[in-house]
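Trainee: following is a predicted model, sequence given first.
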Amino acid sequence: MSDPQLQFTDPMPLRLAAVYSDTSEQRLRALMREGKIKATKTDQGAWMITKAVLDAYKATKGTRTGGGGSRGDGKSYVIHVQAKLHDEVEAFLKKLGIGLEPRYNYAKQKAYQEKRKADKAKVKTLPVDAGAMGAGVAKSPLFSK
């Protein structure tokens, strides 16, 4: 609620609902299309949203639903460890039942580089006959005097 002088009626029009919920009008429209917010349309065509619906939305606004794509099972973490402490940290985490996966997969990267090298070796360059090209240009009426 940015302006304390605003009177938030119940139900309120979309623009006022956007101010009340600290969300853009476009975001509220998207939430209405997705069925996450219930709204009613007046005879004049204005969307009206109740405070109870907006309060329920505000209560869950900061939580992620996981609908944005695969991010794993939510149980993986990235930790940065000095190289000299790697073995000690790995042993400690192993006691806790936590396995480590390197962020950089050397075997996968090596296979990719070998495949790329093989693909480059397959590419053949076409020989260019400079004499034929030069002769064609010389015989052209555009270049003759």
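Mentor: Great, that's in hand.
Trainee: give the buried residues for stretch 56-63.
Mentor: By neighbour count on 16 or more other Cβ atoms under 10 Å, the buried set for stretch 56-63 is Tyr57. (Each C-beta comes from the backbone N, C-alpha and C, glycine too.)
Trainee: for stretch 8-24, same thing?
Mentor: For stretch 8-24, a neighbour-count test (16+ other Cβ under 10 Å) marks Pro11, Met12, Leu14, Leu16, Ala17, Ala18, Tyr20, Ser21, Thr23 as buried.
Trainee: how about Lys51: what's its closest non-neighbour residue?
Mentor: The spatial neighbour of Lys51 that comes closest, neighbours along the chain excluded (Cβ to Cβ, 6 or more residues apart in numbering), is Asp10 at 4.7 Å.
Trainee: can you check Arg29 too?
Mentor: Among residues not flanking Arg29 along the chain, Leu14 sits closest, at 7.4 Å (Cβ to Cβ, 6+ apart).
Trainee: please report phi then psi for the one you found.
Mentor: Backbone torsions of Leu14, given as degrees, to the nearest 10, read phi -60, psi -40.
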